[in-house]
Every structure is written in structure tokens, then in C-alpha cells.
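Visitor: sequence and predicted structure below; questions after.
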Amino acid sequence: MEYRDILWETAGPIARITLNRPQTLNGYTERMVQELLAAVDVLRQDDTLRVLVITGAGRGFCSGGDVSGSAETRSRFHGHPMGHLLEMRENFHQLVLSLHRLDKPVIAAVNGPAVAGGLTLALCCDFRIASDKARLGDTALKFGLLCDEGGAWLFPRVMGLDRALRMTLLSEVYDANQALELGLVTEVVPHEKLEARVSDLARRLAEGPPLAIRLAKRMMYKQLNMTLDNALEDAALSVMITNPSEDVREGVRAFMEKRKPVFKGR
């Protein structure tokens, strides 16, 4: 797919998506979402890529859906009797599901405002490293809209039901340190150090054992909705993949030889 509303870059095992509509603080359109879906699918299928970083161009991470009403923002379902439902189901909802099912680590480099659907996008990532200039919250109700991109499911799980209700019903937006206290971000760093911190985290993840990292992520997300008995059985099945792997043998050899392991994902 030809990318216009995102930038797609790779450097060794690390892939990077930059939302590229800075004039709208990276408000998403149907085209941007389709480009994001295509890029995530490339990452999913390419085992040489081990980590994904998502960030925004300019001053913002993502301001949510572009509500300007311009022709560029008009959905292909415009005018359909079920247009609003189809617009969400076939676009942003697919992105939420795609990121949720991805078994490779994803880092959000939150460089500025991440509100409404932009906050949902950040919460779909495994790690959220925020600049001290970032602001996060849910502003949908300011426009009479709902947190329909997945926020109603994600927000209470991340910050608790009462805090999620307060944020959404009062359209609250928090500075980076408040967001950290509420659990919306993983870490806050000075704005000028954001890139270096995210790059370091991405590198460390990329140097880890790919099979074990992918399975560990899968296990934690999947087991959130399991009983303990089922979770233990899931873990037992997963080790049938990791324990016989070359990566485990390399890890043991490296430990015995007092050197850094080189994992190959097999």
C-alpha cells in the first residue's frame, strides 16, 4: 500500500510508524487507519521485525478522529443506512483488534496530545513512554460523541471504573505526570529525551528472545480472561514451543560462557 498519512520506517529489527497529519495533531481518517492496518500486517508477517514503535509527527501523538467534516474525512460508508456502524466496525475497530492480537511488542512514543481515539490507540500499545509535554484524556463527550473506538473497554481496565467514568463523563485531559499516576502511561521522560528512551527500550526488546517474548505477551493478554487452571494449562502448552528451541540452548550457552546471547527466534 502507498503510505500518505503515515510514515513507515525500519531499522534492523525495529519498525516505526509515524502518524503524519500534523496539521490536525494527527487526527485519524479512514485512509490513515487503512494505512495503519497495512503496516501492522507487514510487521506481523515479517519475522525479521521484532518491535514496533508508534508516534506522531509534529506536536501531537493523535487527537482522535478528524471531525472537521472535510471531504478527506468522509467515510466510504457515508450515506449508507448503517454507515456509522460500518465506519467503526470496518476501520478503527479493526485496528484495535489488530494491535490487540499482535504478539510482538509495541511501544507508543507519546510526544504530545493523545486524546479520545488517540488515547485508545496509545492504550493498544504495550508500553507508553510519554514526553513531559504529553496530555492524555477522553474528549469525545465534548462533541456529544462516545468513546466508541474501544475506550469503554480499555479505560476501566487500565485506570479503574470510577476514574474512567470521571475522565470520560467530564471530558478530562491530564498532563503527563497525572496520566502516570492514573496508569495511562508507563513512564514520563523530558521531551528532549523521549526519542532516546524509546530507542533504548526498543533495542532491548529487539535483542531479547523473539519466541519467548511473543509467547509471553500472548500468554499475559490471553490469561487475563482465564481461570488459574486454564492459565497454567496454557503456560504448559506454550513451553512446548520455547523449551526445545535453539534460543534456549543459546541462552544457556551464553550464561555459561559469560557473554551476551544472540537470539535468532528459532
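Guide: Looks like it arrived, so ask away.

Visitor: ok, then the element right after the worst-scoring helix or strand of the chain on mean pLDDT?
Guide: Counting by mean pLDDT, DSSP states H and E, the chain has its least confident helix or strand at helix 83-87, which shows a mean of 80. Using DSSP states H and E, the helix or strand that follows helix 83-87 in sequence is helix 93-101.

Visitor: what is that next one packed up against?
Guide: Using 3 or more Cβ pairs under 8 Å, 6 or more residues apart in numbering; DSSP states H and E, the elements in contact with helix 93-101 are helix 30-45, helix 117-123. (Glycine included, C-beta is placed from N, CA and C.)

Visitor: name the residues of it that come out as buried.
Guide: By 16 or more other Cβ atoms under 10 Å, the buried positions in helix 93-101 come out as 93-96, 98-99.

Visitor: find the nearest non-adjacent residue to the residue nearest to the spatial centre of the chain, please.
Guide: The centroid of the chain falls nearest to Cys125 when counting by Cα atoms, centre = their mean (2.3 Å). Distances taken as Cβ to Cβ, 6 or more residues apart in numbering place Ala108 nearest to Cys125, at 3.8 Å, with adjacent residues excluded.

Visitor: same check, this time on Glu72
Guide: Thr29 is the one closest to Glu72 (Cβ to Cβ, 6+ apart), at 6.1 Å.

Visitor: what of Arg76?
Guide: Glu30 (6.6 Å).

Visitor: so what touches the strand or helix carrying Ala179?
Guide: Using DSSP H and E, Ala179 sits within helix 176-182. Residues from elsewhere that reach helix 176-182 (Cβ atoms under 8 Å, 6 or more residues apart in numbering): 110, 130-137, 159, 163, 167, 174, 185, 187-188.

Visitor: thinking again about what came up before, and the residue nearest to the centre of the chain, which of the three is it?
Guide: Recorded secondary structure, Cys125: coil (DSSP: H, G, I helix; E, B strand; the rest coil).
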